[in-house]
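> Sequence first, predicted model second:
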There are 2 protein chains.
Amino acid sequence: MPVVVGYVPTPEGRAALRRAAQECRLRNTRLVVINSNRGGKDLDADEAARYELELADIRSQLAAAGVSHEVRQLVRGMEPAEDLIAVAEEIEADFIVIGLRRRTPVGKLILGSNAQRILLEAPCPVLAVKADPVEAA
Amino acid sequence: MPVVVGYVPTPEGRAALRRAAQECRLRNTRLVVINSNRGGKDLDADEAARYELELADIRSQLAAAGVSHEVRQLVRGMEPAEDLIAVAEEIEADFIVIGLRRRTPVGKLILGSNAQRILLEAPCPVLAVKADPVEAA
């Protein structure tokens, strides 16, 4: 059963991707990376080009690590939580990996609405990963 | 690195324990089962005896499955979230497994305050598991 990870280019998104890749190596299973356009907005040409570069980099990192994978860039006007849950259902994922932002810029602990929704509505377990202390600092 | 699981005798607590045991077999690592007295209340003699029976049953199930383990029954007047986080820090856990209640009796989706706290404050990733649909029904 494949593992699904929600990727965004932030310290917690990268931590989630790293952990998901480790779990796939351990299980010898496939990783499906979902890059949802945040908030379901349309991308302009520059943003789309930037995303393409990031995704190409992720693909080569996963290939170098020997992790069988697929990257899906979803720009469908859905919320990121909906995208992740829909893909997890479609591929009968073993579990979903998400990154959690530990603190807001003013230091308050919060669990975002997308994270809450994925935790509650996912058809499978959810592994919640925080950014590495060094990278988040 | 060991895995920590928060156990309570509910469908989601049992699902968390099952998943944690599977993960430990996969990694060939030790499982630390934390049975926190909910809300930090003192147990009366009957409750304490019932817990002991449940824990003995868990011990034999894990031994039969070949999972190296330790069961800690914590009755220290701390919140369950504090117990789990303290143990995860002490043993440098790889991750914590918790059970999530998917719905309240009236069908509303909620994420309990203990779950939120563990997700945000744990020093390691947290695997959140829901009850199996059959057992939860």
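Sure thing, it's come through. Note that the coordinates shown come from a computational prediction; the quantities given were computed from them, not determined experimentally.

> Show the contacting residues for the residue lying farthest from the centre of chain A.
Going by CA atoms, centre = their mean, the residue of chain A most distant from its centre is A:Val106, 24.5 Å out. For A:Val106, the contact set (CB atoms under 8 Å, 6 or more residues apart in numbering or on different chains) is empty. Just so you know, the C-beta spots here come from the backbone N, C-alpha and C atoms, and that holds for glycine as well.

> mind checking the SS state of it?
Recorded secondary structure, A:Val106: coil (DSSP: H, G, I helix; E, B strand; the rest coil).

> What separation do you get for it and B:Lys130?
With distances taken as CB to CB, to the nearest Å, A:Val106 is found 32 Å from B:Lys130.

> got it, and A:Tyr7?
Distance, A:Tyr7 to B:Lys130, using CB to CB: 23 Å.

> ok, now A:Asp57?
Distance of A:Asp57 to B:Lys130, computed by CB to CB: 34 Å.

> Between the two, which is the more surrounded one?
Neighbour totals were compared for A:Asp57 and B:Lys130, and B:Lys130 leads with 23 against 11 (other CB atoms under 10 Å in any protein chain shown).

> so that one makes contact with B:Val97?
No - between B:Lys130 and B:Val97 there is no contact under CB atoms under 8 Å: 11.8 Å.

> Tell me where the longest helix sits in chain A.
helix A:45-64 (DSSP state H).

> Could you identify the helix or strand that succeeds that helix?
Next in sequence after helix A:45-64, counting helices and strands by DSSP states H and E, comes strand A:69-74.

> any idea of the angle the helix or strand following that next one forms with strand A:69-74?
Per DSSP H and E, the first helix or strand lying C-terminal to strand A:69-74 is helix A:80-91. Relative orientation of helix A:80-91 versus strand A:69-74 (axes from the mean of the first three to the mean of the last three CA atoms, to 10 degrees): 130 degrees.

> Please state the mean pLDDT value computed over the very next helix or strand once past helix A:80-91.
Where DSSP H and E defines the elements, the next helix or strand beyond helix A:80-91 is strand A:95-100. If you average the pLDDT over strand A:95-100, you get 95.

> cool, stretch A:13-20 as well?
On average, stretch A:13-20 scores 92.

> surely A:Ala122 meets A:Ala86?
No - in this structure, A:Ala122 is not within contact of A:Ala86 by CB under 8 Å, at 10.5 Å.

> Who has more neighbours out of these two?
Counted by other CB under 10 Å, A:Ala122 and A:Ala86 do not tie: A:Ala122 has more neighbours, with 22 against 15.

> Give the phi and psi angles for the more buried one, as a check.
phi -60, psi 140 (degrees, to the nearest 10).

> give the contact list for it.
A:Leu84, A:Ile85, A:Ala88, A:Ile96, B:Lys130.

> what does stretch A:24-36 contact?
A:1-8, A:17, A:20-21, A:51, A:54-55, A:58, A:62, A:65-74, A:78-80, A:83-84, A:87, A:91, A:93-94, B:26-27.

> send the alpha carbons of it over as CSV?
The C-alpha coordinates for stretch A:24-36 follow below in CSV (Å, rounded to 0.1, in the frame of the first residue of the first chain):
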residue,chain,number,x,y,z
CYS,A,24,8.6,4.1,1.9
ARG,A,25,12.2,2.8,1.9
LEU,A,26,11.4,0.8,5.1
ARG,A,27,8.3,-0.7,3.6
ASN,A,28,9.5,-0.9,0.1
THR,A,29,6.4,0.9,-1.1
ARG,A,30,5.6,3.7,-3.4
LEU,A,31,5.4,7.4,-2.4
VAL,A,32,2.7,9.7,-3.9
VAL,A,33,3.7,13.3,-3.4
ILE,A,34,0.8,15.8,-3.6
ASN,A,35,1.6,19.4,-4.2
SER,A,36,-1.7,21.2,-3.8
